[in-house]
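Chemist: Generate a structure from the sequence data that follows.
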Amino acid sequence: MENLYLTNELARAKDEAERILIRHYYKNGLVLISLGILQEAKRNKPGNGNGDSPTKSPEDQLGDDLATIFRLSGGIASVVIPVVRNLAAAAAKLGGG
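Modeler: Below you'll find the model as predicted:
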């Protein structure tokens, strides 16, 4: 789960509590984004239901899904921590906390 962007954010953290929060932002942000990518890929998959392409085994489909996540999440990793951090800060302001 470690990458350059996460490592840089962790190095800038003030204390261990902030490092824990940054890891939380990173993991949960990537999970949510990955689920969205998979849902969109399944929704727009060519050949869905028209018999044009052979059906894949669940193992092959899982491999394809993971490959898609790995390929697309590289660019997302660079922005996920700042985006989730800003969302958390905005939610805290709205909630009065």
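
Chemist: so residue 34 sits right up against residue 71, yeah?
Modeler: No - Residue 34 is beyond contact range of residue 71, at 11.3 Å (criterion: Cβ atoms under 8 Å). Every residue, glycine included, has its C-beta placed from N, CA and C.

Chemist: Who has more neighbours out of the two?
Modeler: residue 34 (18 against 10; other Cβ atoms under 10 Å).

Chemist: Run through the residues that contact the more buried one.
Modeler: Listed by Cβ atoms under 8 Å, 6 or more residues apart in numbering, the contact set of residue 34 reads 69, 73.

Chemist: check which helix or strand covers it.
Modeler: Assigned by DSSP states H and E, residue 34 falls within helix 16-43.

Chemist: So which bits of the lowest-mean-pLDDT helix or strand in the chain are buried?
Modeler: One helix or strand of the chain scores below all others by mean pLDDT, DSSP states H and E: helix 58-94, with a mean of 82. For helix 58-94, a neighbour-count test (16 or more other Cβ atoms under 10 Å) marks 69, 76, 77, 80, 81, 84, 85 as buried.

Chemist: In this structure residue 3 contacts residue 80, no?
Modeler: No - using Cβ under 8 Å, residue 3 makes no contact with residue 80, being 10.2 Å away.

Chemist: tell me the contacts of the most centrally placed residue in the chain?
Modeler: Nearest to the geometric centre of the chain sits residue 30, at 1.9 Å (Cα atoms, centre = their mean). Residue 30 makes contact with 73, 76, 77, 80, according to Cβ under 8 Å, 6+ apart.

Chemist: In a markdown table: those residues, plus distance to residue 14.
Modeler: Shown next, in a markdown table, are those (distance: Cβ to Cβ, whole Å):
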| residue | distance to residue 14 |
| --- | --- |
| 73 | 27 |
| 76 | 25 |
| 77 | 22 |
| 80 | 20 |
